[in-house]
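Trainee: Generate a structure from the sequence data that follows.
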Amino acid sequence: MIEHILVTGGLGHIGSAFIRHISEIANVERVTILDNLLTQRYASLFNLPSDIDYTFIEGDVMTPAHMDCALDGVDAVVHLAAITDAEGSFDKSEDVNKINLDGTKSVIDACSRNSVGRLIFPSTTSVYGPINGIALEDSSRSDLKPQSPYAVSKLAAEDQVLMATQQSVIDGVVLRLGTIFGPSIGMRFHTAVNKFIYHSVLGRPLTVWEDAVDLVRPYLDLHDAVRAISFML
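Mentor: Alright, predicted model coming up:
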């Protein structure tokens, strides 16, 4: 039975919605939030549900002491801490690898040290890259063609989670989520739908690149993403 959840990166776009949804998950009584506050989303901590016992730790998933402190008494981890800007990742590929890949390895190691089995790892459909036809869950590894440092780092982090699961180090689940859209307190605006809404509200023109007119991309409502994560717990 899962009663205590750790959410890394819990003040971000998905995290700020998920930590509020937790009150709807049966048996969960406590939530620990680990976030480094680099994005300064302090408002994500305001007006949390009163029926859940929340603990906030300002810390980094790369720091073992922070992870060990955050995992005290925890039954499951939702690992959301990441750099998620695919377009911006080209200018900071080293940072992306450090946080998304090395950070995930640090979380896995910490779970192993603290005997925490369940780890939910939200990944991205960006790992598929350009494809013809339908992307399948069991697509061959050779069929995946990530196009950005962000997507490459997420695919490599997936491999770490799955390998650790096969070795019974953790009980991991990987979720390949479409591009998230929808409002949250920790909302971000660099994805297309959110950016379009932002510019529309300000009365600005919407830019659609000519070479993207015929492209199809999967999108996922934020609240559906939150429910999917909750279901896998």
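Trainee: element containing the residue of the chain most remote from its centre, please.
Mentor: Distance from the C-alpha centroid of the chain peaks at Gly203, with 30.8 Å (Cα atoms, centre = their mean). Gly203 belongs to no helix or strand when elements are defined using DSSP states H and E.
Trainee: could you say what helices and strands the lengthiest helix in the chain packs with?
Mentor: Taking DSSP state H as the criterion, the chain has its longest helix at helix 149-166. Contacts defined by 3 or more Cβ pairs under 8 Å, 6 or more residues apart in numbering; DSSP states H and E place helix 149-166 against helix 93-96, helix 103-113, strand 118-124, strand 171-177. In this view, the C-beta of every residue, glycine as well, is placed from N, C-alpha and C.
Trainee: Could I get the contacting residues of Glu94?
Mentor: By Cβ atoms under 8 Å, 6 or more residues apart in numbering, Glu94 lies in contact with nothing.
Trainee: which intervals of the chain have sub-threshold pLDDT?
Mentor: Scanning the chain with the threshold set as pLDDT under 70 gives 137-139, 212-213.
Trainee: Could I get the full set of strands for it?
Mentor: 4-8, 30-35, 53-58, 76-79, 118-124, 171-177, 179-181, 219-221 (DSSP state E).
Trainee: So which of the helices and strands packed on helix 149-166 is nearest Ala135?
Mentor: strand 171-177 (8.5 Å; Cβ to Cβ).
Trainee: So which bits of the closest one are buried?
Mentor: For strand 171-177, burial by neighbour count (16 or more other Cβ atoms under 10 Å) applies to Gly172, Val173, Val174, Leu175, Arg176, Leu177.
Trainee: Can you give the strand pairings for it, parallel or anti for each?
Mentor: strand 118-124 (parallel) (DSSP bridges).
Trainee: Return the angle between stretch directions for the strand it pairs with and strand 4-8.
Mentor: 30 degrees (axes from the mean of the first three to the mean of the last three Cα atoms, to 10 degrees).
Trainee: How about residues contacting strand 118-124?
Mentor: Taking Cβ under 8 Å, 6+ apart as the rule, strand 118-124 contacts 2, 14, 75-80, 104, 107-108, 111, 150-151, 154-155, 157-158, 161, 170-177, 179, 225, 229, 232-233.
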